[in-house]
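Q: Here's a sequence, model it:
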Amino acid sequence: MQKKTSLKDIAQVVGVSTALVSYVLNNKKENRISKEVAKRIRQVAKDLNYQPNQIAKSLKTSRTRTLGLIVADIANPFFATLARYIEDEADKHNYTVIFASSDENPDKCQKLITTLLNRQVDGLILAPPAGVESQVIDLQKKGIPLVLVDRYFPDIRTSYVALNNFQAMYTAVGHLAKAGYRRVGMITLDTDLFHITERTRGYLAALQDNHLTTRRSWLKSIGPSNLPADVARTLQAFTTGPQPIEAVLFASNVIAMAGLKAIKSLSVAVPNELAVVCFDETDAYGLFDTPLTYIRQPVQELGQLAVSVLLDTLAIPSQITQINLDGQLIGQASTQPVSILLPD
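A: Just a heads-up that it's a prediction; the model follows:
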């Protein structure tokens with residue numbers, strides 16, 4: 001194994017002290033030496049492929065310049081994109097991100113938190129699953145810097161960056177009402193997660209404010225265990241009978257993908273027989289026959305702000321920052337106005 005280059009090796013080549021090499025490579029006291037010597041030290045360090053000892057450095061600074069990120073599922077396009085933006089933003093500040101998936105499991109989330117803290121990350125960015133309120137409170141009591149992203153718990157005073165989910169779904173229903181759709185259904189997730197329940201609240205409030213018919217059977221909550229089949233059964237029920245729904249809202253990208261597959265298998269024409277609004281933005285929507293109306297989340301801004309808020313918390317531990325961002329409704333052919341669809 002090749003010997004790792006040390007500060008002493010660089011000092012011997014340049015003909016200066018080890019302390020002086022350390023000062024230059026740590027950007028200290030350069031005004032006390034000539035620019036030529038500093039330039040020579042950096043060049044030799046590069047030529048010898050010098051790599052700083054991060055462990056020793058962290059012992060001196062009490063910082064490892066690493067951040068821990070826990071999302072629900074890194075395979076989900078939304079979280080994969082979010083993680084990438086968080087990683088890119090952290091890199092701009094010379095931080096490395098270690099990330100993992102909780103699979104919406106509180107016990108697994110706790111194990112991951114413990115693992116990340118044992119690796120001495122400087123702070124945590126969490127997209128927490130349901131049922132981890134006590135874990136978040138415990139982290140706060142221990143003084144662990146953290147920020148929640150995408151999800152948060154309204155009863156816990158902690159920093160977070162999230163979407164205004166109520167307004168996003170409220171806007172989507174208003175869009176359908178303006179287009180002339182009167183019977184609007186929604187398929188959502190069976191969960192207590194606040195951001196999902198806010199989408200349901202936005203749906204119900206918009207039905208009432210737009211004077212649309214409200215039926216309990218037009219709002220269906222689906223569990224994760226048999227989601228594709230349950231979504232298909234729900235859509236079949238929605239689109240048959242004496243008064244089928246005219247439009248459907250899919251409350252997550254996972255439900256949307258299952259719903260679009262079911263719509264194709266049921267041979268339901270979009271938008272002539274059923275208008276469709278999806279949540280999130282994914283390249284897979286482009287494979288559907290009809291351009292889909294969807295709610296775009298500001299994923300890049302979510303990721304960048306999560307890092308920014310966490311770094312601010314590292315500087316000022318007592319600081320609490322709470323940010324709700326607006327989504328954007330992208331209207332496309334799947335929600336064409338009813339007046340256009342009706343025959344003359």
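
Q: Residues in contact with stretch 332-344: which ones?
A: The contact list for stretch 332-344 (C-beta atoms under 8 Å, 6 or more residues apart in numbering) reads 175-176, 179-181, 246-247, 270-272, 275-277, 290-294. For glycine as for every other residue, the C-beta is placed from the backbone atoms N, C-alpha and C.

Q: which parts of that stretch are buried?
A: Gln332, Ser334, Thr335, Gln336, Val338, Leu341 (16 or more other C-beta atoms under 10 Å).

Q: Helix, strand or coil: sort out the nearest residue to Val307 once chain neighbours are set aside for me.
A: Nearest in space to Val307, with sequence neighbours left out and distances taken as C-beta to C-beta, 6 or more residues apart in numbering, is Glu89 at 4.2 Å. Following DSSP: H, G, I helix; E, B strand; the rest coil, Glu89 is assigned to helix.

Q: Against Asn253, how distant is the residue most central in space within the chain?
A: Nearest to the geometric centre of the chain sits Leu82, at 4.3 Å (C-alpha atoms, centre = their mean). Distance check for Leu82 against Asn253: by C-beta to C-beta, to the nearest Å, it reads 12 Å.

Q: do Ala177 as well
A: 23 Å.

Q: The two: which has the busier surroundings?
A: Asn253 (22 against 18; other C-beta atoms under 10 Å).

Q: Report the residue ranges of every domain in the chain.
A: For the chain, the domain assignment from automatic domain parsing gives the residue ranges 7-52, 61-162+299-325, 165-298+329-341.

Q: what would these look like in TSV with mean pLDDT?
A: Converted to TSV, the domains of the chain look like this (pLDDT from 0 to 100):
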stretch	mean pLDDT
domain 7-52	78
domain 61-162+299-325	94
domain 165-298+329-341	94
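
Q: what's the closest non-adjacent residue to Phe166?
A: Gly202 (4.1 Å).

Q: That neighbour - that's part of a strand, no?
A: No: applying three-state DSSP, one finds Gly202 to be helix, outside a strand.

Q: What is the neighbour count of it?
A: Gly202 has 24 nearby residues by other C-beta under 10 Å.

Q: returning to what we had before: wouldn't the residue nearest to the centre of the chain be in contact with Val161 here?
A: No: between Leu82 and Val161 there is no contact under C-beta atoms under 8 Å: 10.3 Å.

Q: Give me the common contacts of the two.
A: In contact with both Leu82 and Val161: Val149, Asp150, Leu302, using C-beta under 8 Å, 6+ apart.

Q: Show me these that map onto helices.
A: Members of the shared contacts of Leu82 and Val161 lying in helices (criterion: DSSP state H): Leu302.

Q: Which one of the shared contacts of Leu82 and Val161 is nearest to Val21?
A: Closest approach to Val21 among the shared contacts of Leu82 and Val161 (C-beta to C-beta): Val149, at 40.3 Å.

Q: Surely the closest one is in contact with Leu82?
A: Yes: contact status for Val149 versus Leu82: in contact at 7.0 Å, counting by C-beta under 8 Å.

Q: Now do the shared contacts for those two.
A: In contact with both Val149 and Leu82: Ala127, Leu302, Gly303, using C-beta under 8 Å, 6+ apart.

Q: Now flag whichever of the residues you listed is closest to Thr240.
A: Among the shared contacts of Val149 and Leu82, and counting by C-beta to C-beta, the member closest to Thr240 is Ala127, at 36.9 Å.

Q: which residues touch that closest one?
A: Ile70, Val71, Ala72, Phe79, Leu82, Ser102, Leu148, Val149, Asp150, Arg151.

Q: how about a cut-off of 7 Å?
A: By C-beta atoms under 7 Å, 6 or more residues apart in numbering, Ala127 lies in contact with Ile70, Val71, Ala72, Phe79, Val149, Asp150, Arg151.
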